[in-house]
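*Asks:* Make a model of this:
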Amino acid sequence: MDEITVSRLMPTKELAAYLQIPERTLEDWRTSRVQRGPRPIHLGKRVRYRLATVDAWLESLEAESFDTAQGAA
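*Replies:* Modelled structure (predicted):
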């Protein structure tokens, strides 16, 4: 039988605390026409964020910051 990998789902309030940013920032990112921030999951009227997706998004920001810093050197 195949293993199922489950990643924790976090509501906006919890993710804001995790990222140490205002909830409003996440809401602004989510409603922006341009994809910004981690990709949300809509469960009916509820919005959740998969922790694995958030961590991958943070890693991409880290890599982007590193590449930018290397180009400036």
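*Asks:* by contact count, what packs against the strand ranked longest in the chain?
*Replies:* Counting by DSSP state E, the longest strand found in the chain is strand 46-50. On a contact count with 3 or more Cβ pairs under 8 Å, 6 or more residues apart in numbering; DSSP states H and E, strand 46-50 meets strand 9-11, helix 12-19, strand 41-43. Where C-beta positions appear, they are placed from N, C-alpha and C, glycine not excepted.
*Asks:* any idea of the angle the second one forms with strand 46-50?
*Replies:* Interaxial angle, helix 12-19 versus strand 46-50 (axes from the mean of the first three to the mean of the last three Cα atoms, to 10 degrees): 30 degrees.
*Asks:* C-terminal to helix 12-19, what's the next element?
*Replies:* Later in the chain than helix 12-19, the nearest helix or strand by DSSP states H and E is helix 23-31.
*Asks:* can you give me how far that following helix is from the chain middle?
*Replies:* Centre-to-centre, helix 23-31 and its host chain are 11 Å apart (Cα atoms, centre = their mean, to the nearest Å).
*Asks:* Quick one: mean pLDDT for it?
*Replies:* When pLDDT is averaged over helix 23-31, the result is 95.
*Asks:* Out of the helices and strands packed on strand 46-50, which gets nearest to E62?
*Replies:* helix 12-19 (13.3 Å; Cβ to Cβ).
*Asks:* How about residues contacting that closest one?
*Replies:* With contact meaning Cβ atoms under 8 Å, 6 or more residues apart in numbering, helix 12-19 is reached by 10, 22-23, 25-27, 38, 47, 49, 54.
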